[in-house]
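Student: show me how the following folds:
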Amino acid sequence: MKKIISGSLALAALLTISGPAAADTFEGPYAGVQAGWNRNKVGSADTGIGRADIHGSRDAAIAGVFGGYNYKPADRIVLSAEAGFNLGFDDQVTRSGRDTLAGIDPDYAFDLGVRAGYLVTDKALVYLRGGYENMRASVRLVDGATSRYGKDTFDGWSVGGGAERAITDSVSARVEYRFSDLGGGSTRFERHQALPGVAYHF
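Tutor: Numbering: from 1, shown residues only. Reported below is the predicted structural model:
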C-alpha cells in the first residue's frame, strides 16, 4: 500500500513538470480509464438482511471509467462536472467467528462529482473534488446454522484531490486521491482510493 501511495505521489509531481502539450486540453468534454488501490474499511453496517458487525478493512485493486466536461471561466481556473463507474477486485471485507460470519462484497460503484482546479502551467492542473458516491454490494450473514444472503446499497459523499498533466493536445494523465464516507446512522463504511488515470479530450 505504501509503495502504491508513494508511486502515486511521485507521478503527481512528474505530471506538473514534464513534456510539451497544447494549452486548450482542459476545456470541453473528456473520457478516460483509471486503475489503482482501494481500501474498504467497515465498522458495523445495517443491511437489508440484518446487522453486519465486521470492524475490519481490506486493500484491493480497483479499475473503472470516467467522463466529464471541463469549463474555463478564467485563464487559470478549470471547473469540471464528472461521472465515474468502478469495479473492485477481491475486495470483500469479512469477520468470522466459530459459528458466525459477516461479509460485505462490493459489486460496483458509481460517482457524480465536481472538480475545481488551478492551472500551474498551461499543461499542468491541480484540483480538488467532491461529490456523491453509490455502491452496490453483496452481503452474507451466518449465525450458527442460519445463513442469509442479500444485496444492499451504500451511498454517501466523497472528497479528494489530484494533479493532471496534458501529454498531447488530446491526451492527459492524472493521479487522484479520494476519500468516501458511505455510512449513515449506525453504519460505518469508509473507502480510501489512489487512482492513476488517462483521459482523452474531444
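Student: most residues in a single strand of this structure, which one?
Tutor: Criterion DSSP state E: the longest strand present in the chain is strand 50-74.
Student: look up phi and psi at the nearest residue to residue 103 once chain neighbours are set aside.
Tutor: What sits nearest to residue 103 in space, not counting adjacent residues and going by CB to CB, 6 or more residues apart in numbering, is residue 94, at 3.8 Å. For the C-beta atoms, the positions are set from N, CA and C on the backbone; glycine is no exception. Main-chain dihedrals, residue 94, degrees, to the nearest 10: phi -140, psi 160.
Student: my guess is residue 150 meets residue 136, correct?
Tutor: No. Taking contacts as CB atoms under 8 Å, residue 150 lies outside contact range of residue 136: 11.5 Å.
Student: would you point out the helix or strand in the protein whose mean pLDDT is lowest?
Tutor: Ranked by mean pLDDT, DSSP states H and E, the helix or strand of the chain with the weakest confidence is helix 2-15, at a mean of 46.
Student: one step back: adjacent strands (with direction) for the next helix or strand after the longest strand of the chain?
Tutor: The helix or strand immediately downstream of strand 50-74 is strand 77-89, counting by DSSP states H and E. Applying DSSP bridges, strand 77-89 is found paired with strand 50-74 (antiparallel), strand 100-119 (antiparallel).
Student: for residue 143, which of the ones you listed is the nearest?
Tutor: The closest of the strands paired with strand 77-89 to residue 143 is strand 100-119. By CB to CB, the value is 5.5 Å.
Student: for the record, mean pLDDT for the closest one?
Tutor: For strand 100-119, the mean per-residue pLDDT is 97.
Student: flag every buried residue along it.
Tutor: By neighbour count on 16 or more other CB atoms under 10 Å, the buried set for strand 100-119 is 102-106, 109-111, 113, 115, 117, 119.
Student: now swap in stretch 44-52 and tell me
Tutor: Buried residues in stretch 44-52, counted by 16+ other CB under 10 Å: 45, 47, 52.
Student: once you drop chain neighbours, what's closest to residue 66?
Tutor: In space, residue 66 is closest to residue 84, 3.8 Å off (CB to CB, 6+ apart).
Student: I figured the one you found hits residue 33, correct?
Tutor: No. At 10.2 Å, residue 84 and residue 33 do not qualify as touching, with contact defined as CB under 8 Å.
Student: these two: who's more crowded?
Tutor: Comparing residue 84 with residue 33 by other CB atoms under 10 Å, the one with more neighbours is residue 84, at 21 against 13.
Student: in the sheet, which residues pair with the residue nearest to residue 66? Tell me.
Tutor: Under DSSP bridges, the beta-bridge partners of residue 84 are residue 66, residue 111.
Student: what's it in contact with, if anything?
Tutor: 34, 64-67, 110-111, 113 (CB atoms under 8 Å, 6 or more residues apart in numbering).
Student: now that we have those, can you turn them into JSON lines and tack on distance to residue 183?
Tutor: Below are the contacts of residue 84 laid out as JSON lines (distance: CB to CB, whole Å):
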{"residue": "34", "distance to residue 183": "24"}
{"residue": "64", "distance to residue 183": "22"}
{"residue": "65", "distance to residue 183": "26"}
{"residue": "66", "distance to residue 183": "24"}
{"residue": "67", "distance to residue 183": "28"}
{"residue": "110", "distance to residue 183": "18"}
{"residue": "111", "distance to residue 183": "16"}
{"residue": "113", "distance to residue 183": "18"}
